[in-house]
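Engineer: Need a 3D model of the sequence below.
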Amino acid sequence: FTDEDVLLITMMGNVIAAVVHNAKISDKNLADFNENIRQLSSVLAGSQDRQTLMNNIVEKIKDVLHVSAASLFLADEQRENLEIKAASGYQSILMDVSPRPSYRWGEGVTGRIAETNRPILANSLDVLRKIGGGRQGKYDEEQENQQPQAFYGMPLNVEGETRPIGVLKVESLKPRPFTDEDVLLITMMGNVIAAVVYNAEISDKKLAD
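Structural biologist: Numbers count the residues shown, from 1 in each chain. This is a model prediction of the structure:
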């Protein structure tokens with residue numbers, strides 16, 4: 001099986017997981033969820049390169065989930081630092097910050113997600129602040145001190161790697177609890193991002209060699 005074969009199987013596995021999960025929910029929720037999957041899947045077909053794909057996915061996640069921002073951080077080869085690679089909504093301004101926003105492994109909520117290799121769900125600002133140790137966000141000033149009222153962040157993992165290759169975050173400035181369906185959608189797209197980015201990195205290394 002080639003890298004492309006594995007990527008296709010992984011993507012289809014994510015869709016199967018979504019369908020099986022949604023067999024347990026109402027017809028209306030299932031219809032809404034399937035429409036969201038269709039919209040997110042269209043992003044994959046319309047993206048011509050890795051950066052465009054990352055940009056399109058964070059933008060589409062924001063639109064589909066009706067949230068305020070989505071952002072993608074990728075790890076360096078040493079798995080010691082995470083740097084922002086794509087952002088939508090109010091966080092898009094971070095893409096213009098120089099040097100690019102980054103977190104050390106274990107630093108802040110973003111770094112903790114990578115270090116523990118576990119997602120973090122916070123459906124209120126109080127919970128998020130508690131998780132972050134009560135400290136101000138590292139880039140709050142760049143974001144005009146806008147504070148998320150709901151947050152979900154997940155590590156990006158791929159087969160064969162012992163540590164995450166990045167972190168995907170979704171945030172809402174308005175009170176908006178993330179449901180199980182929301183989390184499933186974010187997880188599915190996060191898994192697709194991880195597979196696409198990782199396979200592109202492998203291809204780049206082979207080309208360089």
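Engineer: tell me the pLDDT at residue 184?
Structural biologist: On the pLDDT scale, residue 184 is placed at 80.
Engineer: Just the element for it, please.
Structural biologist: helix 180-208 (DSSP states H and E).
Engineer: So what sits opposite residue 156 in the bridge?
Structural biologist: residue 166 (DSSP bridges).
Engineer: give the contact list for it.
Structural biologist: Contacts for residue 156 were tallied using C-beta atoms under 8 Å, 6 or more residues apart in numbering; they are 74, 164, 165, 166, 167, 168, 190, 191, 193, 194, 197. C-beta here means a position set from N, CA and C on the backbone, and glycine is covered the same way.
Engineer: Report the contact partners of the last one.
Structural biologist: Residue 197 is in contact with 50, 54, 74, 156, 165, 166, counting by C-beta under 8 Å, 6+ apart.
Engineer: List the contacts of the fifth one.
Structural biologist: The neighbours of residue 165, taking C-beta under 8 Å, 6+ apart as the test, are 74, 75, 79, 156, 157, 158, 194, 197, 198.
Engineer: Out of those, the closest to residue 182 would be?
Structural biologist: Closest approach to residue 182 among the contacts of residue 165 (C-beta to C-beta): residue 156, at 17.5 Å.
Engineer: What about the nearest residue in space to residue 174 that is not next to it in sequence, how many residues nearby?
Structural biologist: Nearest residue to residue 174, sequence neighbours excluded (C-beta to C-beta, 6 or more residues apart in numbering): residue 149, at 5.9 Å. Residues within reach of residue 149, counting by other C-beta atoms under 10 Å, total 18.
Engineer: so residue 149 sits right up against residue 173, yeah?
Structural biologist: Yes - judged on C-beta atoms under 8 Å, residue 149 makes contact with residue 173 at a distance of 6.2 Å.
Engineer: where exactly do the strands run in the protein?
Structural biologist: 69-75, 81-87, 102-104, 120-122, 150-156, 166-172 (DSSP state E).
Engineer: Let's have these in a markdown table, adding distance to residue 178.
Structural biologist: Shown next, in a markdown table, are the strands of the chain (distance: least, C-beta to C-beta, whole Å):
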| stretch | distance to residue 178 |
| --- | --- |
| strand 69-75 | 12 |
| strand 81-87 | 19 |
| strand 102-104 | 22 |
| strand 120-122 | 6 |
| strand 150-156 | 5 |
| strand 166-172 | 8 |
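Engineer: Could you pull up the contacting residues of the nearest residue to residue 55 once chain neighbours are set aside?
Structural biologist: Spatially, and ignoring its direct neighbours in sequence, residue 55 is nearest to residue 86 (5.0 Å; C-beta to C-beta, 6+ apart). The contact partners of residue 86, taken as C-beta under 8 Å, 6+ apart, are 51, 54, 55, 57, 58, 71, 72, 95.
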